[in-house]
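[1] With the input below, show me the fold.
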Amino acid sequence: MIIKQLSSNDTGETGGHQGGILVPKKMEILNFFPTLPKEEKNPRIQLTFIDDAYKQWEFNFIYYNNKFFGGTRNEYRLTGMTKFFKFYHLKAGDKVNFNKHERVYKIGYERNNIPETNGKLKLTNSWITVKMK
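    Residues are numbered from 1 along each chain as shown. Down below sits the predicted model:
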């Protein structure tokens, strides 16, 4: 299982536009997702996640690697999550957990009240991995 603590950028609270949540290039997190071909420009795969209410959500796992094709980006993102965030009224500080059992992807969330400091949220490392037995 992996867990992502949402930032205000992830949830759209800043009003800015971004292409999904950034997935760090840490193997313990990338190993959760299918491998994408690095020789292809901006490879992607659509993944179906099931939430705790058995509602299905379609997200895209994308490797924006256009830096190697004359562009500037070299990052992984999980996109198409805005409807999920809005449906469950998720805000910065809430956590989204991703789990996988065989070929079934699951998603859940946990509300988290993080105290503000001078009107700004303080977030540390926002991704963690959990080893399940």
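
[2] Residue 93 contacts residue 5, correct?
    Yes: counting by Cβ atoms under 8 Å, residue 93 touches residue 5, with 6.8 Å between them. All C-beta spots, glycine's among them, are computed from the backbone N, C-alpha and C.

[3] What are the boundaries of the strands in this protein?
    Using DSSP state E, the strands of the chain run over residues 2-5, 21-23, 44-50, 56-64, 75-79, 95-101, 104-110, 116-117, 120-121, 127-129.

[4] I'd like the average pLDDT over the fifth one.
    Looking back up the chat, that one is strand 75-79. Strand 75-79 shows a mean pLDDT of 95.

[5] one step back: include distance to residue 38 and mean neighbour count when you put the strands of the chain into a markdown table, please.
    A markdown table is the format used below for those (distance: least, Cβ to Cβ, whole Å; neighbours: other Cβ atoms under 10 Å):
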| stretch | distance to residue 38 | mean neighbour count |
| --- | --- | --- |
| strand 2-5 | 21 | 20 |
| strand 21-23 | 15 | 20 |
| strand 44-50 | 13 | 15 |
| strand 56-64 | 7 | 18 |
| strand 75-79 | 11 | 18 |
| strand 95-101 | 22 | 16 |
| strand 104-110 | 22 | 16 |
| strand 116-117 | 40 | 10 |
| strand 120-121 | 34 | 12 |
| strand 127-129 | 21 | 14 |
